[in-house]
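Trainee: sequence and computational prediction follow.
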Amino acid sequence: RQRRKLPLWQELPLLVVAALAIALLLKTFLVQAFYIPSESMLPTLEKGDRVLVEKISYRIGDPDRGDIVVFDNAFQNEEPAAEDARSVATRIGDSFKALFGLPTEGHSDIIKRVVAVGGDRVEGRDGEVLVNGERVDEPYLAEGVGTADFSPITVPDDAVWVMGDNRGSSGDSRSFGPVPVDAIVGKAFLLVWPPGNLGAI
């Protein structure tokens, strides 16, 4: 028998709910859009850019030097998480914004580049970054940009050392230390906004 078709006014809300559910599943397990909130990754990424972050690679492998990663900065807070003071409506709105890589009031994610991985000894010396005593080639830095000296540190096995490409204007591992691998959300791989700059990163 021919299936009876629902009227548009009944079918449309179901389609919207289904689309949102699929988008939420994709965001949770596969790919998430992320909004660049600062200038710390210039010239690679500009404030207001949006990138796609895939969440599969680090479930089957480890971060590599040079990867651009998004991580949750909540690992810095050793105190129990405070109760979210935002209203229910604000939290719901932020959830929908996050689906499309829009800035949210309660975001705590940060994007930086992996410079050293677990077991590496990293330091800043004479304007350059050295990993295991070898100078790191950093073609992604703007011409003339150097790195202020910082003392040698050995990265723990379950962590990475991250830095912004805009070395003079970036809060990164030089201030908050190595980032636990467990705090990494995923790897940024595609710039999607603005459309004129669409491409791999």
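Mentor: All right, it came through fine. Numbering: from 1, shown residues only.
Trainee: wait, what's in contact with the spatially closest residue to residue 55 that is not a sequence neighbour?
Mentor: Setting aside the residues directly before and after it, residue 55 is nearest to residue 186 in space (C-beta to C-beta, 6 or more residues apart in numbering), at 4.0 Å. The way it works is simple: take the backbone N, C-alpha and C, and place the C-beta from them, glycine included. By C-beta atoms under 8 Å, 6 or more residues apart in numbering, residue 186 lies in contact with 32, 53-58, 69-70.
Trainee: so which strand or helix has residue 186?
Mentor: Using DSSP states H and E, residue 186 maps to strand 184-193.
Trainee: list the buried residues for that strand?
Mentor: Within strand 184-193, the residues scored as buried using 16 or more other C-beta atoms under 10 Å are 184-188, 191, 193.
Trainee: now swap in stretch 32-49 and tell me
Mentor: 32-36, 38-42, 44-45, 49.
Trainee: same deal with stretch 51-59?
Mentor: Across stretch 51-59, burial judged by 16+ other C-beta under 10 Å covers 51-53, 55, 57-58.
Trainee: among the residues you listed, which are in strands?
Mentor: 51-53 (DSSP state E).
Trainee: mind putting those residues into TSV with distance to residue 122 and pLDDT?
Mentor: Listed next are these as TSV, based on distance: C-beta to C-beta, whole Å; pLDDT from 0 to 100:
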residue	distance to residue 122	pLDDT
51	25	94
52	28	91
53	24	92
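Trainee: all helices for the protein, in order.
Mentor: Under the criterion DSSP state H, the chain contains helices at 8-29, 57-60, 88-99, 173-176.
Trainee: where among those is the average confidence lowest?
Mentor: Per-stretch mean pLDDT for these is lowest at helix 88-99 (a mean of 54).
Trainee: so residue 115 is in contact with residue 64, correct?
Mentor: No. Taking contacts as C-beta atoms under 8 Å, residue 115 lies outside contact range of residue 64: 10.9 Å.
Trainee: looking at those two, which one has more neighbours?
Mentor: Counted by other C-beta atoms under 10 Å, residue 115 and residue 64 do not tie: residue 115 has more neighbours, with 23 against 12.
Trainee: report pLDDT for the more buried one.
Mentor: You'll see residue 115 listed with a pLDDT of 98.
Trainee: who's in contact with it?
Mentor: Contacts of residue 115 by C-beta under 8 Å, 6+ apart are 65, 122, 129, 131, 136, 161-163, 173.
Trainee: switch to 7 Å and redo it
Mentor: Listed by C-beta atoms under 7 Å, 6 or more residues apart in numbering, the contact set of residue 115 reads 65, 122, 129, 131, 136, 161-163.
Trainee: got it, and residue 113?
Mentor: 66, 68, 162-163, 165.
Trainee: where's it relative to residue 157, distance?
Mentor: According to C-beta to C-beta, to the nearest Å, residue 113 stands 20 Å off from residue 157.
Trainee: wait, which of the buried residues of stretch 51-59 is closest to residue 150?
Mentor: Among these, residue 58 lies closest to residue 150 (C-beta to C-beta), at 25.8 Å.
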